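Visitor: With the input below, show me the fold.
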Amino acid sequence: MSTTTHTPSESEGRPHPVTVAGTRPARLIRNESTTEIPVHLLFRDDPGDRDRPEGDEPARVTPEPAVVGRRQGTGELPRAARPAPARRRALPRIDPELAEREVRVLPGAAGVLAGACGVTGCLAASWWAGVLPPLAAQALRLPEPAGTGLGPAQWAAYAGAGLLGAAGFGGLARGRTGRAWVVGLFGRYRGTVRRTGLLWVNPLLRRRRVDVRLRHWRSEAIPATDPGGTPLRVAVLVVWRVRDTARAVLGLEDHERYLRECVEAALARVPVEPAGGGRRGPAVAGETLTRLVTAETGPAGLEVFSVRPLRVEYAPEVAAAMERRRIAALDARQRASMLSSVVDSVEDTVTRLTTRGLVELDESERKVLVRDLTVAFCAGRGEPPSPPPVWTCSSAAHNL
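Guide: Numbering: from 1, shown residues only. Predicted structure coming up:
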């Protein structure tokens, strides 16, 4: 920490003019990195303060925010402005009151019992009116009817028994695992039935079956782009299910079509990197797609578990060019790897020869040796090794 000594200047030694209110303006220290600070707060032992009358106080100055200016000719760069936060996309809004709730249903035995009672009532009314066939009466061991005929009372008994039987048998339903019913009455949502087995549901309610099992959808080739803007064709696998049956069925016209369109819209915004092009390839794009599609389909009652790219291909119009580019890049990487290996081998050979004192080389001889070794190693790696020469007695005698 440095210490600064204050030396009063000539102007500070002069008396300050007095204002109309009887106070003098405060002395201020200004620089480019601090706020405006009154001098009398820093130098409390100023002799001028002792001789100041009791009512002669310096005027209060409100400190202003410090503004750091950029000095000219110092090479300072302006501060980069912070990017404005990206506005989030508006998610679809559905009636908040439209939420799944359970509707009361009765066991199937109650419907069977009500239907049996209705059939029995119809038989009793027929016997009472005397219209029951004699064979049926004998089989049921009923006494001879009085034969009063069909009167208002008999018709009322028929109507009551018929309605009871129709309601009992008409409300029977079979609940299956992985299926649910969305029921409504006169256009109003009444609830959802997720129970299984034989049930009795009010026959006046309209029932719409919904599949609530875990489902997967494999798309066709959807247009997309890579980080460089090259057109691609991507096939994705979506694992999802219906979480809120009321919103999925009544809040949307077709929840399956809505899911497909959300996946296509997400692929249009997220660049997909082909396999082998980066560190993780399509895995990063899959995580981003899952997050986007989940956020958009959640308010609609759908639960998306994963959106994974299965097949990533270049578009037909650029497939040939990109294949040539990929082959050229692969060849360049192979050549670079081979050259690095050759250079390491040459360096190791020359270092061993000179370190062990096997040869003594000057600068020109070292260059020649490096060149010969490089040619030999490159030729050995680029071409298959030739078979060793076969030595015979005649050739050995000729050499001698």
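
Visitor: does Arg308 count as helix, strand or coil?
Guide: What DSSP: H, G, I helix; E, B strand; the rest coil gives for Arg308 is strand.

Visitor: what about stretch 172-185, average pLDDT?
Guide: The predicted model assigns stretch 172-185 a mean pLDDT of 91.

Visitor: To clarify, my last question referred to stretch 336-354.
Guide: pLDDT averaged over stretch 336-354 gives 83.

Visitor: Double-check Val119 against Gly162; I have them as touching.
Guide: No. If you go by Cβ atoms under 8 Å, Val119 and Gly162 don't touch, sitting 9.3 Å apart. In short, each C-beta sits where N, CA and C put it, glycine included.

Visitor: so where does the nearest residue to Leu113 once chain neighbours are set aside fall, helix or strand?
Guide: Of all residues not flanking Leu113 in the chain, Gly168 sits nearest, at 7.0 Å (Cβ to Cβ, 6 or more residues apart in numbering). Remark: Gly168 resides in helix 152-170, with elements defined by DSSP states H and E.

Visitor: Quick check: buried residues in that helix?
Guide: By neighbour count on 16 or more other Cβ atoms under 10 Å, the buried set for helix 152-170 is 154, 157-158, 161, 164-165, 167-170.

Visitor: Give me the helices and strands touching the longest helix along the chain, please.
Guide: Using DSSP state H, we find that the single longest helix of the chain is helix 316-355. Helix 316-355 sits against strand 302-314, helix 363-382, with contacts defined as 3 or more Cβ pairs under 8 Å, 6 or more residues apart in numbering; DSSP states H and E.

Visitor: Rebuild these as JSON lines, extending it with mean pLDDT and mean neighbour count.
Guide: Output for the helices and strands packed on helix 316-355, formatted as JSON lines (pLDDT from 0 to 100; neighbours: other Cβ atoms under 10 Å):
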{"stretch": "strand 302-314", "mean pLDDT": "91", "mean neighbour count": "18"}
{"stretch": "helix 363-382", "mean pLDDT": "77", "mean neighbour count": "13"}
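
Visitor: Ok, which of the ones you listed comes nearest Leu98?
Guide: strand 302-314 (14.1 Å; Cβ to Cβ).

Visitor: what angle separates that closest one from helix 316-355?
Guide: Here the directions of strand 302-314 and helix 316-355 differ by 70 degrees (axes from the mean of the first three to the mean of the last three Cα atoms, to 10 degrees).

Visitor: returning to that earlier point: with respect to Leu98, which of the buried residues of helix 152-170 is nearest?
Guide: Gly170 (27.8 Å).

Visitor: The closest one: what's it in contact with?
Guide: The neighbourhood of Gly170, defined by Cβ atoms under 8 Å, 6 or more residues apart in numbering, consists of Pro203.

Visitor: Please apply the same query to the one 5 residues further on.
Guide: For Gly175, the contacting residues are 181, 193-199, by Cβ under 8 Å, 6+ apart.

Visitor: Can you check the pLDDT for the residue nearest to it when sequence neighbours are not counted?
Guide: Nearest non-adjacent residue to Gly175, counting by Cβ to Cβ, 6+ apart: Thr196, 4.2 Å away. Thr196 carries a pLDDT value of 90.

Visitor: How about the one 5 residues further on?
Guide: Taken from the predicted model, the pLDDT recorded for Val201 is 91.

Visitor: so what's the backbone phi/psi at it?
Guide: phi -120, psi 140 (degrees, to the nearest 10).

Visitor: Work out for me the element Glu273 sits within.
Guide: Using DSSP H and E, no helix or strand contains Glu273.

Visitor: helix/strand/coil for Asn202?
Guide: The local conformation at Asn202, judged by three-state DSSP, is coil.

Visitor: Excluding sequence neighbours, find me the nearest residue to it.
Guide: Nearest residue to Asn202 in three dimensions, chain neighbours excluded: Gly171, at 6.1 Å (Cβ to Cβ, 6+ apart).

Visitor: Roughly how far does the one you found sit from Trp181?
Guide: Counting by Cβ to Cβ, to the nearest Å, the gap from Gly171 to Trp181 is 12 Å.
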